[in-house]
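Chemist: here's my sequence, what's the structure:
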Amino acid sequence: MTEPTTPSSGTRHRWATAGKIVVSAGLLGYLVFTGGVRDLSTTVAHTNGTWLAVGFGFGVIGALVTISQWHAMLVASGLRRSWWRCFRLEWACDVFDAALPSSIGGDVLRAVLVSEDPTERVTAASSVVLRRLLNFPGMIVVMAAGLIAAWPYAVEGRIRPYAGAAILVGAAGVAVAFSPLAAKVGSSRLLARTGFTRSLAKVLRELDSFRGQTRAILTGCVRGTVFWLVVVLSQWSYMRAVGIHVPLVYAAAVITCVNAITMLPISLGGYGVREGGFSAFLAVGGMATVAQGIGVGLCVTAQTMAFGLIGLPVYLTLSRRSARSRAVAIDTPPVTAGLPVTAGLPVRVGI
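Modeler: Below is the predicted model:
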């Protein structure tokens, strides 16, 4: 008797993606049905352009903060790249953040493009992961501060269990990532089975080597806190744009909690979950309608798409430069005779 075969990783990935599509489509369909197409159309039609522009402006500031965060992590990891180069790469990779079902594709491209040769890719990938990780403490601080400040409001009771769970899980994840446990997990045989897990193990070991840089870690946490404060201001402005008038402190708890929930791998890029979270936490106590909650999610999605459109010319410019570099490398005859051995190595093209 033959042993039953297990599905390949590609098949499992396709099934997982299909499940996420079903969850996102189902949630969006339910929300539109509950909120009403007419109410949703009215909300979109009466969106305040001034508050929408203010929210987008804060979104741009948040992007600049993350670029500074990434640049600092690259320098601390030993990859000295200019801030301008990080700026261009960030906007170029925003195209993939907008087009793909999650930001993972954009992060992979960031690690590839910022590397000048394949030996740097593990370090580059760890810098991208570090940028994400060092934003978590700031999210936890802002979420906890929002919960405490909004305690007198009766509506705060609905979000309290979810935010509390997010704070506990986030704090545990940060503690594991910056403890000796990261290296132990990275050295386990379990991660040596597939190419993806082996790459993950290398990144975890690289993160462990970064633990001694206390100053860089603390500075990164401060930048992460600033980032989340700007995110709160941006998405609170979107709430005002669709006619939701909630206290800023309660909005801080809602925004950080909803963003934490969208990180769960249960939907396609957070679609449906984001709109559902805003609707559930804002449409209480007469503060908002379900349609307005969906409207906030649509504003956030529109910002992501706008960032992708802004980054598209940058990405196309990088692609053309890369193509020209490859053409030069192919058409130029070797000139290594009589030169040092290093003269025959590929030229590193700065981006």
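Chemist: count of neighbours near the nearest residue in space to residue 93 that is not next to it in sequence?
Modeler: Excluding the flanking residues, the one nearest residue 93 by C-beta to C-beta, 6 or more residues apart in numbering is residue 106, at 4.2 Å. Yep, even glycine has a C-beta here, placed from its N, CA and C like the rest. Neighbour count for residue 106, taken as other C-beta atoms under 10 Å: 21.
Chemist: and for residue 52?
Modeler: Using other C-beta under 10 Å, residue 52 has 18 neighbouring residues.
Chemist: I'd say it and residue 241 touch.
Modeler: Yes: counting by C-beta atoms under 8 Å, residue 52 does reach residue 241; the two are 4.5 Å apart.
Chemist: overlap in contacts, these two.
Modeler: residue 299 (C-beta atoms under 8 Å, 6 or more residues apart in numbering).
Chemist: quick check on residue 249: phi, psi?
Modeler: phi -70, psi -40 (degrees, to the nearest 10).
Chemist: so how far is residue 143 from the closest residue to it other than its chain neighbours?
Modeler: Closest residue to residue 249 apart from its sequence neighbours, by C-beta to C-beta, 6+ apart: residue 149 at 3.7 Å. Residue 149 sits 11 Å away from residue 143 when distances are taken as C-beta to C-beta, to the nearest Å.
Chemist: just residue 302 next, same as before
Modeler: 24 Å.
Chemist: more neighbours: which of those two?
Modeler: Neighbours were counted for residue 302 and for residue 143 using other C-beta under 10 Å; residue 143 has more, 26 against 15.
Chemist: list of residues touching the helix or strand hosting the more buried one?
Modeler: Under the criterion of DSSP states H and E, residue 143 resides in helix 136-149. With contacts defined as C-beta under 8 Å, 6+ apart, helix 136-149 is touched by 156, 159-160, 163-164, 166-167, 170-171, 173-174, 221-229, 232, 249-254, 256-257, 259-260.
Chemist: at 7 Å what do you get?
Modeler: Residues outside helix 136-149 that contact it (C-beta atoms under 7 Å, 6 or more residues apart in numbering) are 156, 160, 163, 166-167, 170-171, 173-174, 221, 224-225, 227-229, 232, 249-250, 252-253, 256-257, 260.
Chemist: going through those residues, which ones are buried?
Modeler: Neighbour counting with 16 or more other C-beta atoms under 10 Å marks 156, 163, 166-167, 170, 174, 221, 224-225, 227-229, 232, 249-250, 252-253, 256-257, 260 as buried within those.
Chemist: what's the burial count for residue 223?
Modeler: For residue 223, the neighbour count with other C-beta under 10 Å is 20.
Chemist: list the contacts for it?
Modeler: 65, 68-69 are the contacts of residue 223 under C-beta under 7 Å, 6+ apart.
Chemist: residue 54 too?
Modeler: Residue 54 neighbours (C-beta under 7 Å, 6+ apart): residue 237.
Chemist: from here on, call the first residue 14.
Modeler: Will do, 14 is the new start, and the previous item becomes residue 67.
Chemist: separation between it and residue 74?
Modeler: For residue 67, the distance to residue 74 - C-beta to C-beta - is 11 Å.
Chemist: helix, strand, or coil at residue 92?
Modeler: With DSSP: H, G, I helix; E, B strand; the rest coil as the basis, residue 92 sits in coil.
Chemist: what sits against it?
Modeler: Contacts of residue 92 by C-beta under 7 Å, 6+ apart are 133, 136-137, 140.
Chemist: at 10 Å what do you get?
Modeler: 84, 86, 127-129, 133, 136-137, 139-140 (C-beta atoms under 10 Å, 6 or more residues apart in numbering).
Chemist: distance of it from residue 84?
Modeler: Where residue 84 is concerned, residue 92 sits at a distance of 10 Å (C-beta to C-beta).
Chemist: name the residues contacting each of these two.
Modeler: 127, 140.
Chemist: report the spatially nearest residue to residue 259, omitting neighbours in sequence.
Modeler: Spatial nearest neighbour of residue 259, chain neighbours left out: residue 300 (5.4 Å); criterion: C-beta to C-beta, 6+ apart.
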